[in-house]
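K.L.:
fold the stuff below for me.
(chains A and B)
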Amino acid sequence: MGCGVSKSNHFHKTHGKKALRAAVLIQRWYRQYVARLEMRRRYTWHIFQSVEYSGEQAQIKLHNFLCYLMDNFTPASNERNLISHIFRDNEVCRDPEWERYFCYKNIEVPELYSGPHLIFPLTMDQAIGLVDAFRNKKQLHSRYLLQLLLETWKQIRMLPNINRISTCHSKEITICGDLHGQLEDLLLIFYKNGMPSLEKPYLFNGDFVDRGKDSIEILIIMFSFLLVYPGEVYLNRGNHEDHIVNLRYGFTKEVLTKYKMHGKRILKLLQKIFSWLPLATTIDHKVLVLHGGISDTTDLGLLARVDRHHYVSALRPPKNRPKSVAEMSIDSDVSRDLFHNKRRNSVTYPKSLVSRDSFQNRSLQDFSKIKGEDELDTQSVCSPRRDRAEKGCADSVSLESINCEEEWKQILDLLWSDPMSKDGCVPNEVRGGGCYWGPDVTEDFLNKHNLQLLIRSHECKQEGYEFCHNRKVLTLFSASNYYDVGSNRGAYVKLGPDLVPYVIQYQANSMTRKLTVRQSVRQTEGSAIKVLREQLFSHKSDLICAFKKFDSENTGLCFVSVNDWACAVEGVMSLGLPWRVMRSQLVKCKTNDSMIDYNEWFHELAIKGSSADHIDQSLLETLYRHQATLETIFRIVDLDNSGFITMKDFVQTWRLLSSFLKLEITDQAIADLAIDIDQNNDGSIDIEEFMEAFRLTDKKSRLERGRSMFMGTATDLTKLEGDPNI
Amino acid sequence: MPPKKIEPKKPEPKKPEPKKDATPAAKPTAPQPAGLEAEVVAPKETPFDPKSITLEYSNDQIDEFKEAFTLFDRTPTGEMKITFAQCGDVMRALGQNPTNSDVLRVLGKPRPEDMSTKMVDFETFLPMLQHISRAKDQGNFEDFVEGLRVFDKEGNGTIMGAELRHVLATLGERMTEDEVDRLMAGQEDANGCINYASFVKHILSG
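P.N.:
Numbering: from 1, shown residues only, chains lettered A, B, ... in the order given. Coordinates of the predicted model:
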């Protein structure tokens, strides 16, 4: 440094003032640039989060609608058949039959197969071998996968609803949050922390699948370690361990794509496994770990006793069990009747259809020593109307409550709830399931159960973790770069006998390392804004309606002030975003005296180049607005999971959708749509092609599409930098 | 580009303070409202009388500032408050570029330990922002290039990256090594030289 410094000093002495001035100028500007970047990063974050949550809400609404249809179409109708199969319980209910159904033995492994071979019982070397294989992009053959799933199922159905871990022997437990199919993050955690072993217990807190592209690999790794170290690997169920959610968020698609022949069987088996995943875990009776959260009615004693596997999807209550009750029948008449009389829209307030089954596989957990706990009390929770249907059951089962609805709500709360800063407990309208719970609820709950800390996941956090409720609740999220490259860090927690959580953060950075902060913010912002613009375009009619309301003098001119624009947009979109701050990104056309010409604006927003010019405008809008819903319905309708649906079903689907959305779509309009895409003229439609034909799939768009992480390289990104459309 | 709504008033002549470190010890050279010189410790008292600052923002502008302010609000209950330490950033996010000492002055020269604990609400923030926005000329492309030309020893349009790093980290309102790295990322060529005209374009384009 010597020579350079003295030279510089001399230089500075002679140019002192100027140099200083220059330095201060640059420093000021740099700080401004950083602050602006930070602001953009924050609103980009908000965009992703609000669109994500509204997507979840749409899914639940769709599901409610399908439930309603199930009960209101006559049994023989076509529509009912189309969707009934997703509600059909696993047809084969008895264990030996399951084993036969999923027999892997007659699946042959071809010689060309270069992936890992598994021999059961699994050993540590094999588990590690799997991790290596996946790191090298291999895929596990379906034969071994099925075998692994069978063994996993046998193992986890012996587990209690609430796992109990202890940190005796000075073991530190490693706890991971949501991974969402992001294998790179799991590999990074193993790299930093070591793999599961006798000395290194792990607890994975749900949401292993969906959105990322390697969900099945993550499951395989977790299940393998679970089989090798059953006393050291713990899994909690998340809200995405649910086949109905998987239909929308990409896991179903991933499995069917990777396992074309046996995908359907694999999914069925996974459905069962998910339902058998434990609901929560306690550590030293002091720390409770679960995926979503709690509500003011959460009752660990009750949760310990439920037959958790009856709740295949947290989004609907289980169907009737035929054997139990004389009076209750499984006729859809009865259920329809109940639904008609008592149905409400929100999924958080379901109505009970069913009686309890026998308590064969009940867990051995006993939380009855908790103060205030009294088994008989739970009976009184039944409402008077329900008693009418259930009084038959009450006679034939034990004293314990058969309050199925209550159980279901408890599980829903556990998997879907989020903390809030205000006291109290309110339904979680944003997600459409579970609730928002406040610090007072946390306090009461922890006191009641003699706990000191609640660890949960379920929400993405910029730093990978966040404390709230006076540090009594810790949110832990392990999928870094979740919304996009550079969006957030991931974190995991180590918990030793002192039960003080020690957080480690990371960021999977094969992409981030190559990008500057500016490039990554810009890129993420670009894709968020693009998605938002599409959303705005797809709400064109509603927005025009809202804008017109501001034209109080009925001038008929299509101008609206900036303030009115912002109010109208928020009113229609309900995303709670900083519209004024983002205005220059969203409205590129010139504004004249701070008035926005909205016709001009919609022209600018219009999704270009689609093959849709002759298609009815409102139909098009529907397409864009509900693309994820549409695709979900298609996948449901695609009974054999082939990726194709018949023309007839296609038309049926549209009818379904128009009924759902309360739109008038003529048969002619639907026919027009269909003809465009049935290019091979064989009466069947390729779902992917359809979505692509109307530019409803955008390979770079991350949201709602079972996220494919941007697969390019850094040089691709620098090429993109100049592209205004990215 | 983020919207830049604020039109700064005609600049009053004001020299940037020549100082070697970042502590707010400089004497103010621009006419300041009375009361600025007083040592103010209580967090809510602004160093200048808010009434002496006439707010000239339109309602639209104020709504936009509120949105930005909310983006930086990290209070658990969404109280629309930010810490002292964030004030500078929020002003910058809204298109201003005060020096750190400008910000500290407007906050009433708080103690370092107050920066992350004392809070400012939106009503208190607005006059501060207005005041800062009336500061003199913010520096344009030419000013920058002129300033950097000082370091162009060979007069060929490039400066040594190492030289610039050194300057930024030791002079004026010093930047940390990390900040310097971020700023200079990708700017130096194979010889460690920077073409400063494009460097300035890079900074100004945000």
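K.L.:
the residue lying closest to A:Phe559 once chain neighbours are set aside bridge partners, please.
P.N.:
The shortest distance from A:Phe559 to any non-neighbouring residue, by C-beta to C-beta, 6 or more residues apart in numbering or on different chains, is to A:Met595 (4.4 Å). Placement of C-beta: from N, CA and C, glycine included. Beta-bridge pairing for A:Met595 (DSSP bridges): A:Ser561, A:Asn592.
K.L.:
tell me the pLDDT of A:Met595.
P.N.:
Looking at A:Met595, its pLDDT stands at 83.
K.L.:
who's in contact with it?
P.N.:
A:Phe559, A:Val560, A:Ser561, A:Val562 (C-beta atoms under 8 Å, 6 or more residues apart in numbering or on different chains).
K.L.:
and residue 102, what does it touch?
P.N.:
Defaulting to chain A. A:Leu146, A:Leu149, A:Leu150, A:Arg265, A:Lys268, A:Leu269.
K.L.:
that's the wrong chain, I wanted chain B
P.N.:
With the criterion set at C-beta under 8 Å, 6+ apart, B:Asp102 makes contact with B:Ile132, B:Ala135.
K.L.:
could you do A:Pro201 as well?
P.N.:
A:Ile165, A:Lys171, A:Ile173, A:Thr174, A:Tyr229, A:Gly231, A:Glu232, A:Val233, A:Tyr234.
K.L.:
one more time with 10 Å
P.N.:
By C-beta atoms under 10 Å, 6 or more residues apart in numbering or on different chains, the residues touching A:Pro201 are A:165-167, A:171-175, A:229, A:231-234, A:283, A:495.
K.L.:
hang on, the earlier thing: any chance of the contacts of A:Met595 in a markdown table, plus neighbour count?
P.N.:
Formatted as a markdown table, the contacts of A:Met595 follow (neighbours: other C-beta atoms under 10 Å in any protein chain shown):
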| residue | neighbour count |
| --- | --- |
| A:Phe559 | 19 |
| A:Val560 | 24 |
| A:Ser561 | 15 |
| A:Val562 | 22 |
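K.L.:
from those residues, pick the one nearest chain B.
P.N.:
Relative to chain B, the closest of the contacts of A:Met595 is A:Val562; by C-beta to the nearest C-beta it sits at 5.2 Å.
K.L.:
out of the contacts of A:Pro201, who's the most crowded?
P.N.:
A:Ile175 (28 neighbours; other C-beta atoms under 10 Å in any protein chain shown).
K.L.:
pLDDT score for residue 54?
P.N.:
Picked chain A for this. 71.
K.L.:
look at chain B instead
P.N.:
81.
K.L.:
with the one 4 residues further on instead?
P.N.:
At B:Ser58, the pLDDT value in this model is 86.
K.L.:
surely it is in contact with A:Arg580?
P.N.:
No: between B:Ser58 and A:Arg580 there is no contact under C-beta atoms under 10 Å: 11.7 Å.
K.L.:
which parts of the stretch 201-350 of chain A are helices?
P.N.:
Here the stretch 201-350 of chain A has its helices, by DSSP state H, counting those that start in this stretch, at A:215-228, A:243-249, A:251-258, A:263-276, A:300-305, A:332-342.
K.L.:
between B:Ser58 and A:Arg580, who's got more neighbours?
P.N.:
Neighbour count, other C-beta under 10 Å: between B:Ser58 and A:Arg580, A:Arg580 has more, with 23 against 13.
K.L.:
wait, is the more buried one part of a strand?
P.N.:
No: secondary structure of A:Arg580 (DSSP: H, G, I helix; E, B strand; the rest coil): helix, not part of a strand.
K.L.:
ok, now which ones touch it?
P.N.:
Shown in contact with A:Arg580 (C-beta under 10 Å, 6+ apart): A:562-563, A:565-566, A:569, B:3, B:5, B:60-68.
K.L.:
same question, B:Glu179
P.N.:
Neighbours of B:Glu179 in contact, by C-beta under 10 Å, 6+ apart: A:Gln27, A:Tyr30, A:Arg31, A:Val34, B:Leu168, B:Ala169.
K.L.:
possible to save these as CSV with distance to A:Met420, secondary structure and pLDDT?
P.N.:
Below are those laid out as CSV (distance: C-beta to C-beta, whole Å; DSSP: H, G, I helix; E, B strand; the rest coil; pLDDT from 0 to 100):
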residue, distance to A:Met420, secondary structure, pLDDT
A:Gln27, 40, helix, 86
A:Tyr30, 37, helix, 84
A:Arg31, 34, helix, 88
A:Val34, 31, helix, 84
B:Leu168, 43, helix, 86
B:Ala169, 44, helix, 89
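K.L.:
buried only: go through those residues for me.
P.N.:
A:Gln27, A:Tyr30, A:Arg31, A:Val34, B:Leu168, B:Ala169 (16 or more other C-beta atoms under 10 Å in any protein chain shown).
K.L.:
what is the most widely separated pair among the residues you listed?
P.N.:
A:Val34 and B:Ala169 (15.6 Å; C-beta to C-beta).
K.L.:
taking the centroid of chain B, which residue is nearest it?
P.N.:
Closest to where the C-alpha atoms of chain B average out (C-alpha atoms, centre = their mean) is B:Pro98, at 2.7 Å.
K.L.:
roughly how far apart are that residue and A:Tyr598?
P.N.:
Distance of B:Pro98 to A:Tyr598, given as C-beta to C-beta, to the nearest Å: 36 Å.
K.L.:
cool, A:Phe644 as well?
P.N.:
40 Å.
K.L.:
and those two? Which one has more around it.
P.N.:
A:Tyr598 (22 against 18).
K.L.:
how close does the residue nearest to B:Asn195 when sequence neighbours are not counted get to B:Arg149?
P.N.:
Excluding its sequence neighbours, the residue lying closest to B:Asn195 (C-beta to C-beta, 6+ apart) is B:Thr158, at 5.4 Å. As judged by C-beta to C-beta, B:Thr158 and B:Arg149 stand 11 Å apart.
K.L.:
so between the two, which is more surrounded?
P.N.:
More crowded of B:Thr158 and B:Arg149, by other C-beta under 10 Å: B:Thr158, with 22 against 16.
K.L.:
with adjacent residues omitted, what lies nearest to A:Ala127?
P.N.:
Nearest to A:Ala127 is A:Ser224, by C-beta to C-beta, 6+ apart, at 4.2 Å.
K.L.:
residues contacting the one you found?
P.N.:
A:116, A:118, A:122-124, A:126-131, A:140, A:148, A:151-152, A:196, A:233.
K.L.:
repeat that for 8 Å
P.N.:
So A:Ser224 contacts A:Leu122, A:Gln126, A:Ala127, A:Leu130, A:Leu148 (C-beta under 8 Å, 6+ apart).
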